[in-house]
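Trainee: what's the 3D shape of this:
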Amino acid sequence: MMTRRFPDCVPLLRDGRVLLRAHRADDLPAIVEQCNDVDMLRYTTVPRPYGPDQAAEFLARVKSAWEDRSSEALRCWAVSTVEKPNVLAGTIDYRPDGAGMAVVGFGLHPAWRGRRLMSAALGLVADHAFSTGVEVLQWRAVAGNWASAKTAWRSGFRLEGQIRGLCSIPGSPPVDGWIATLCRGDGRQPCQPWPWSIGSAVG
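Mentor: Now for the predicted structure:
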């Protein structure tokens, strides 16, 4: 049987509102905008500076990863909506280790934040990951990244702790980070009150 090539090999994941699809060349401007957002620069490892060349390299890596059928290949989707499938709202991925664990990562374009799109996208990706042999999804974030924490908390991730020097940000020394996990069979609703003054941030 012939192996399907990108983008046909990317499974479409959707609910009534969110659509996860393959990235396309016309997503490039929105990717550049998102990766130059102040919160992306503060909390993620995106290259500095980030322009069209960096976005094109990212799209090439995503294509290559999807065409890699190994159990450790990155799985990455463009986040869109059912109503506006051609508009890039963000990106979500998971990176499996081939032994049942995967690290999930996500980010939204600033124009699409505050609508809980990523919570829905994370649920879809979790379902897909667990259906392909992943047993544990791990979420990591720079300590203080409450927006990412809210998404993980709403999706049922259990906070495991804060680790010194967990995260690397380009141009800075390692910074403290949070880790949370979601296991196959866990519920998809908040399972604990998260500590550390999360307060109204997760309300």
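
Trainee: can we go C-alpha only for contacts and neighbour counts from here?
Mentor: Noted.

Trainee: all strands of the protein, in order?
Mentor: Along the chain, the segments classed as strands by DSSP state E run 13-14, 18-21, 75-81, 90-96, 101-108, 136-142, 158-167, 175-183.

Trainee: and the second one, what does it pack onto?
Mentor: Spelled out, that is strand 18-21. strand 13-14, strand 75-81, helix 117-131 (3 or more CA pairs under 8 Å, 6 or more residues apart in numbering; DSSP states H and E).

Trainee: coming back round to it: got a markdown table for the strands of the chain, with mean neighbour count too?
Mentor: Below are the strands of the chain laid out as a markdown table (neighbours: other CA atoms under 10 Å):
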| stretch | mean neighbour count |
| --- | --- |
| strand 13-14 | 17 |
| strand 18-21 | 24 |
| strand 75-81 | 24 |
| strand 90-96 | 22 |
| strand 101-108 | 21 |
| strand 136-142 | 22 |
| strand 158-167 | 16 |
| strand 175-183 | 19 |
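
Trainee: as CSV, the ones you listed with distance to P193 and mean pLDDT would be great.
Mentor: CSV is the format used below for the strands of the chain (distance: least, CA to CA, whole Å; pLDDT from 0 to 100):
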stretch, distance to P193, mean pLDDT
strand 13-14, 29, 98
strand 18-21, 27, 98
strand 75-81, 28, 98
strand 90-96, 25, 98
strand 101-108, 21, 98
strand 136-142, 17, 97
strand 158-167, 9, 94
strand 175-183, 13, 96
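
Trainee: tabulate those strands (JSON lines), appending distance to D39.
Mentor: JSON lines is the format used below for those (distance: least, CA to CA, whole Å):
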{"stretch": "strand 13-14", "distance to D39": "26"}
{"stretch": "strand 18-21", "distance to D39": "22"}
{"stretch": "strand 75-81", "distance to D39": "18"}
{"stretch": "strand 90-96", "distance to D39": "13"}
{"stretch": "strand 101-108", "distance to D39": "10"}
{"stretch": "strand 136-142", "distance to D39": "11"}
{"stretch": "strand 158-167", "distance to D39": "15"}
{"stretch": "strand 175-183", "distance to D39": "15"}
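
Trainee: out of the ones you listed, nearest to D127?
Mentor: strand 13-14 (9.6 Å; CA to CA).

Trainee: show me where pLDDT drops low in the chain?
Mentor: Along the chain, the parts satisfying pLDDT under 70 run over 1-2, 195-203.

Trainee: give the bridge partners for the spatially most central residue of it, please.
Mentor: Geometric centre of the chain, nearest residue: F106, 2.1 Å, by CA atoms, centre = their mean. Beta-bridge pairing for F106 (DSSP bridges): I92.
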